[in-house]
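J.: sequence first, then the predicted structure, then my questions.
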Amino acid sequence: MTATTNAPPDTRRSHGDSGAPPGKRRSLGDLKVAMIFIAPATLGFVVFYIWPTLRGAYLSFTEYSLLSAPKFNGLANYDRMIHDSFFWNALGVTVEYVVINIGLQTVLAVGIAMLMYRLTKSITVRAIILAPYLVANVVVALVWYWMLDVQVGVVNTFLGWVGIDPIAFFGDSHWAIPTVAGINVWRHMGYTALLVFAGLQTIPSYVYEAAEVDGSTEWKTFWRITLPLLRPVLVMVLVVTMIGSFQIFDTVAVTTQGGPINATRVIYYYIYERAFTRFDFGYASAMALVLFAILAVVSLVQLRLLRARESDLA
Amino acid sequence: MNSLMSRRNLLKAGLAALAVPSLAACNNGAAARGPGEVIYWLWDSAQLPMYTECAKVFHEQNPQYTVTIEQYGWNDYWSKLVTGFISDTAPDVFTGHSSKYPLFADKGQVLPIDDYVAKDNVDLSIYQKGLADRWIGADGKRYGLPKDWDTEVYFYNSAFTEAAGISTDQLNSMTWNPQDGGTFEQIVRRLTVDAKGRRGDQPGFDKENVKVYGLGYADAGGGDGQTSWSWYAAINGWKYSQGEPWGTKFFYGDPKFTETIGWWRGLITKGLMPTYAQAKSGVDVTTSFGAGKYGMTPNGSWMLGTYGQLKQVKTKLARLPIGPIGKRMSMMNGLADTIWAGTKRRDASWAWVKFLGSQTAQDIVAEAGVVFPAVAASMPAAKAAFAKSGWDVTPFLEPVEAGDVFPYPANPNAADVTAVMTPAMESVMSFEAEPSSLAKANDDVNKILAVNT
């Protein structure tokens, strides 16, 4: 991922020649060994992903309080969801979070990646930029929770020095979601920047040279060449980060716990609350399934709209 | 790039697969354990040492039984417990809480101990008045023996009260009413200091720039208000519900309650208490108190240890105020040891519960000076232990001795009630809704409870 290749692209590859593996017999021989290597992972995948998913889907059609056997109740949970204002509020709050989180994170990540690409190839700088991502989510959330405390937090002390009144970052219902989103931007932007940085290195230098010869400005080059050629990487980054972003949970769980009022009750937290504090597993499963459907649709639409499979280099 | 991602997922799944055998191995070893080996859970790390000591003494007295203690923090504790119920790996005996056990009892997960109590002639009169009966469920069955109890008082910053010229006597004879807040509000006003050093009762007090608030609060109190508003409402003559503690119909819409909350949030408007956003945007109320941001903060007796660790402030205790009904009232709650209905070691579990409910065990608990023991005769030891760490805990004990206490509002739908009452109270405290809106919340609560009948 970090290898820098400035050679022109292999034209045979980019013309859709998928490149069948040479020597069919050898690949069959590999199959057995491959199966052995894949088996443990497959077992884990079936036990921990496929089976829970199927069971979750089943439970979404039941009334299940966890402590007594599930009772089939058809579409009752889904009907309830349509009329549950907390559910719609949770979806709204989640979308607000995703928009702020992904928007800010992508812009900052591209910015950082560009700076790294143009200014330094230093491994140390890359390591520093990645550092927040290496700290556990919960730790990050707790540290920020302390720093942003309205009365004893260091951030509000700094704000006080420049004459800004203390801001109740977590307590004010207008600030709460932007605060949570901001914390996660801080944690993730370095990682995202590295992905984008890797993408930048796949852009051959001759296109830049050509642009320069044609008298393009830096700004124009960025919009007309860098961004379009970066698209496949950006799509991947967007899809992956957006799925992750929809699943925001831990920062909320250790800081606001859904409050103030209902300002940060994101969909995952609401599902968790319904399931594990109110033992409403049937309803929680139904919401989880709906979230799954939403994520699937969002990802497909993204891939479609952004033509992830094609590169403008072709 | 895509193959890289999926490779990572595969790796994750592979690791998960590797975890299967080790997961299976830590199911408390239900089969592997002997019939006399009891597993016991608690959530308070501060109490781990004394319960370890209890387990040692218990084993000496009953060599056929051994106890393994496991401690998990409050948040993990309850979800772990429920997963344990389902997967048949719950601990034989665990610490129970008034807000949690009714549901477990309702779902048949805790063992009624009536037969054991009768068979062994357990003397229930050794406990503080009323404590043992808290563990009789809505169905009339007994689900645990009490281990400790708690009440509320004001923890105040004595340097601040001295600077304000407020005497200990004044602090311990406060009065309160929902109209002008009585002498309690006067004291809170005097303790409040703005950025220019003017007190809340001095001319020119700037309520927009307050440096020290007279009164702190942790949250809006949800449906119980245990450490926030419960005693004001009680001394205003209000009750949570019809039929305490097993409420069948709640009264959050009652004028006695709404006027109490109206007065309480009025302290925000007057600049004597931080706004709800500020109160909720802190790490916790105790930390802010420790940083000298509050004159006083109400809290429960289980917090004595935490306040004791605040080195920057000198903390003392003051009684709750006397209200319109002519006396002080405090919520009295407590914990009990309960037996999991699915245990394969009922006799051993009962022996341990009985031991923990005995004076022998509670003396050990008392001497550690962390909580108040349920056995009345163990109280002097606890009082002495607290005195040694500099606390005069009398304000906690008085309401209990006088019988002026009320129970935690228990019901099997506590989580659902909280889900309604927490946002409702938060809306009122942040001035997004009027106290009268609580009538609607009350209807919702009663609808939840109606499902049971």
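T.: Good, I have the coordinates. Computed from a prediction, not measured in an experiment: that's the story for all the values here.
J.: residues of the stretch 101-250 of chain A that sit close to chain B?
T.: Contact residues, the stretch 101-250 of chain A versus chain B (Cβ under 8 Å from any Cβ of the partner chain): A:145-146, A:148-152, A:166, A:168-173, A:175, A:195, A:198, A:233, A:236, A:240. Glycine gets a C-beta too; all of them are placed from N, C-alpha and C.
J.: weed out the non-buried ones from those residues.
T.: Neighbour-count burial (16 or more other Cβ atoms under 10 Å in any protein chain shown) applied to these gives A:145, A:148-152, A:166, A:168-173, A:175, A:195, A:198, A:233, A:236, A:240.
J.: what's the closest residue to chain A within the stretch 201-350 of chain B sitting at in phi/psi?
T.: Closest contact between the stretch 201-350 of chain B and chain A, by Cβ to the nearest Cβ, is at B:S281 (3.1 Å). Per-residue torsions, B:S281: phi -100, psi 20 (degrees, to the nearest 10).
J.: what residues are up against the closest residue to it other than its chain neighbours?
T.: Among residues not flanking B:S281 along the chain, A:G171 sits closest, at 3.1 Å (Cβ to Cβ, 6 or more residues apart in numbering or on different chains). For A:G171, the contacting residues are A:150, A:260, B:275-282, by Cβ atoms under 8 Å, 6 or more residues apart in numbering or on different chains.
J.: lowest pLDDT pick from those residues?
T.: pLDDT across those is lowest for B:G282, at 76.
J.: A:W146 is in contact with that one, correct?
T.: No. Between B:G282 and A:W146 there is no contact under Cβ atoms under 8 Å: 9.5 Å.
J.: can you check which residues contact both of those two?
T.: Residues within reach of B:G282 and of A:W146 at once, by Cβ under 8 Å, 6+ apart, are A:V152.
J.: next, the buried residues of the helix of greatest length in chain A.
T.: Of all the elements of type helix in chain A, the one with the most residues (DSSP state H) is helix A:85-119. By neighbour count on 16+ other Cβ under 10 Å, the buried set for helix A:85-119 is A:86-87, A:89-91, A:93-94, A:96-98, A:100-102, A:104-106, A:108-110, A:112-114, A:116-117.
J.: SS state for B:Y156?
T.: Following DSSP: H, G, I helix; E, B strand; the rest coil, the label given to B:Y156 is strand.
J.: find the nearest non-adjacent residue to it, please.
T.: Using Cβ to Cβ, 6+ apart and skipping the chain neighbours, the partner closest in space to B:Y156 is B:M296 (3.8 Å).
J.: helices and strands around the host helix or strand of that neighbour, which ones?
T.: Here B:M296, judged by DSSP states H and E, is contained in strand B:294-300. Judged by 3 or more Cβ pairs under 8 Å, 6 or more residues apart in numbering or on different chains; DSSP states H and E, the packing partners of strand B:294-300 are strand B:152-157, helix B:182-191, strand B:210-215, helix B:285-290.
J.: local confidence estimate at the residue nearest to B:Y156?
T.: Here the pLDDT value assigned to B:M296 is 97.
J.: just B:N27 next, same as before
T.: Note on B:N27: pLDDT of 43.
J.: same deal with the one 3 residues further on?
T.: pLDDT, the model's per-residue confidence, is 49 for B:A30.
J.: with the one 10 residues further on instead?
T.: According to the per-residue confidence, B:Y40 scores 97 in pLDDT.
J.: re the thing from before, from the contacts of A:G171, which land in helices?
T.: Secondary structure assignment by DSSP H places B:276-280 of these in helices.
J.: low-confidence ranges in chain A?
T.: Scanning chain A for pLDDT under 70 picks out A:1-28, A:308-314.
J.: can you check the stretch 251-400 of chain B too?
T.: The model of the stretch 251-400 of chain B has no residue with pLDDT under 70.
J.: near chain A, which residues of it are found?
T.: So the stretch 251-400 of chain B meets chain A at B:274-283, B:287-288, B:291, B:293 (Cβ under 8 Å from any Cβ).
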